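Undergrad: coords below, sequence missing:
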């Protein structure tokens, strides 16, 4: 009997050890509001989705309310069936909960302890997390775009940065108390509203405020990560990401998560829609922007990213921008296939490097058995990437943004074969400067990274790697 008992214990320990050694799912690539089209979300391969948990829906009339039908059970069931994690975005203050009575109002009692009954936001967050923790939701984003000020656009939080710091503190403490495994992201920030208004970046102002709190260090400064939103222009993606990385580093918080929770380029030139988008972007450029930004974000060290959004659920022709990878009629934009290729091809890379010349950009993703090259021209002149293939004569297959493939030309040069990868010039649209860079080219080659050159239109050759 003792021998049998020992065997059972041994098997239990082995089973526990092997379970502990299993790798967590890769949650790098997500999409906003997958629940509208769960079948397409599963086909896309998104590993997480952002869903709005609107406070004014859960508690419309008083703090005694708690309307769980605000998030239908089908949302949770469909996500679980696809192994897709749900991240909750908490926003929209009920009319009764603030002095202004607006969705962007400063909640009453926000300066009190998170567990004080008069801190109505703390009480709501506690109840929300206690309800959804056993349902598998552990990650929360606290409000949305608080850096947009009155007169600049849609104001989602009327308070100043000190008010937001108090709100973040309340949320962080409430979430951690209700769910020790909980994760707290600072609200998505836009960057450009501060830049255009000549303000100090919101993140720097917020961190300065948090550092003045004597309890902040003991509470890990009340957040686990920052959240960014970047749209439209390829050339701004890396500078915005690096600027925020540098701000975190200045405060000694470089280990915090960085999420790019919204990115896309709305296509004005969609023949299936009539819109007044910011830029005259085509469907092809939207697809290229998604691949370019995904690769750049990985090179900048972004931990998670999500396309805004999966589906045009509320699009009205002539009134709204069609952000969806899926149109309102259920048809797929090319951007859907572009992001699908990103998820299939980029997931699991061990090392990401970015290389640039004045005319071109290349990002390499290193896998145990292969290297993926993502390449494009940066300006209005095109050229060619030349990859050193040594003596190999096998076809090198090249994919565009949506996964259409063709074989590269092989050019003999000094005893080696060069795979010649076309790099089309960026399309000049309605502006004198590049909005979306040139069409993307993707190549997978077995083995470690190879030497690559860029040959411009004039014939000048520059080593890029």
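TA: Here it is on my side, so go on. Keep in mind the model is a prediction, meaning the values are calculated, not measured.

Undergrad: Quick one: low-confidence residue ranges for the stretch 301-450 of the chain.
TA: The stretch 301-450 of the chain contains residues with pLDDT under 70 at 315-320.

Undergrad: what ranges do the strands span in it?
TA: Secondary structure of the stretch 301-450 of the chain, counting by DSSP state E, counting those that start in this stretch: strands at 304-307, 351-356, 360-366, 370-377, 383-388, 397-399, 405-407, 409-413, 416-423, 441-446.

Undergrad: Would you mind finding the most buried of those?
TA: strand 304-307 (a mean of 26; mean count of other C-beta atoms under 10 Å). C-beta: built from backbone N, CA, C; applies to glycine.

Undergrad: Against which helices or strands is that strand packed?
TA: strand 29-32, strand 48-54, strand 257-264, helix 283-299 (3 or more C-beta pairs under 8 Å, 6 or more residues apart in numbering; DSSP states H and E).

Undergrad: which residues touch the second one?
TA: Read it as strand 48-54. With C-beta atoms under 8 Å, 6 or more residues apart in numbering as the test, strand 48-54 has contacts from 27, 29-35, 41, 70-71, 75, 79, 84-92, 128, 141, 261, 304, 306, 310.

Undergrad: And the residues you listed, which of them are buried?
TA: Of the members of the contacts of strand 48-54, the ones counted as buried by neighbours, 16 or more other C-beta atoms under 10 Å, are 27, 29-35, 41, 71, 75, 79, 84-92, 128, 141, 261, 304, 306, 310.

Undergrad: where do the helices sit along the stretch 51-200 of the chain?
TA: When assigned using DSSP state H, counting those that start in this stretch, the helices of the stretch 51-200 of the chain occupy the ranges 55-58, 73-81, 120-132, 161-178, 192-196.

Undergrad: how near is the residue lying closest to residue 285 once chain neighbours are set aside to residue 140?
TA: Nearest residue to residue 285, sequence neighbours excluded (C-beta to C-beta, 6 or more residues apart in numbering): residue 436, at 4.1 Å. Applying C-beta to C-beta, to the nearest Å, the value for residue 436 to residue 140 is 33 Å.

Undergrad: and if you look at residue 444?
TA: The gap separating residue 444 from residue 140 is 37 Å, by C-beta to C-beta.

Undergrad: what do you get for residue 384?
TA: 47 Å.

Undergrad: still on that earlier bit, of all the helices of the stretch 51-200 of the chain, which one is nearest residue 432?
TA: Each of the helices of the stretch 51-200 of the chain was checked against residue 432 via C-beta to C-beta, and the shortest separation belongs to helix 192-196, namely 18.7 Å.

Undergrad: same for that closest one, what does it pack against?
TA: Under the contact rule (3+ C-beta pairs under 8 Å, 6+ apart), helix 192-196 is not packed against any helix or strand.

Undergrad: How about that helix, which residues are buried there?
TA: When burial is assessed from 16+ other C-beta under 10 Å, helix 192-196 yields the following buried residues: 192, 193, 194.

Undergrad: So which elements touch whichever helix or strand comes after it?
TA: Downstream of helix 192-196, the next assigned helix or strand under DSSP states H and E is helix 202-211. For helix 202-211, the packing partners by 3+ C-beta pairs under 8 Å, 6+ apart come out as helix 161-178, strand 183-189, helix 234-250.

Undergrad: what does helix 202-211 contact?
TA: Contacts to helix 202-211, defined as C-beta under 8 Å, 6+ apart, come from residues 146-147, 161-162, 164-165, 168-169, 186, 189, 194, 199, 216, 221-222, 226, 244, 247-248, 250-251, 253.

Undergrad: Check stretch 109-127 too.
TA: Taking C-beta under 8 Å, 6+ apart as the rule, stretch 109-127 contacts 55, 58-59, 63, 66, 90, 93, 97, 107-108, 163, 166-167, 169-171, 173-175, 177-178.

Undergrad: Lovely, talk soon.
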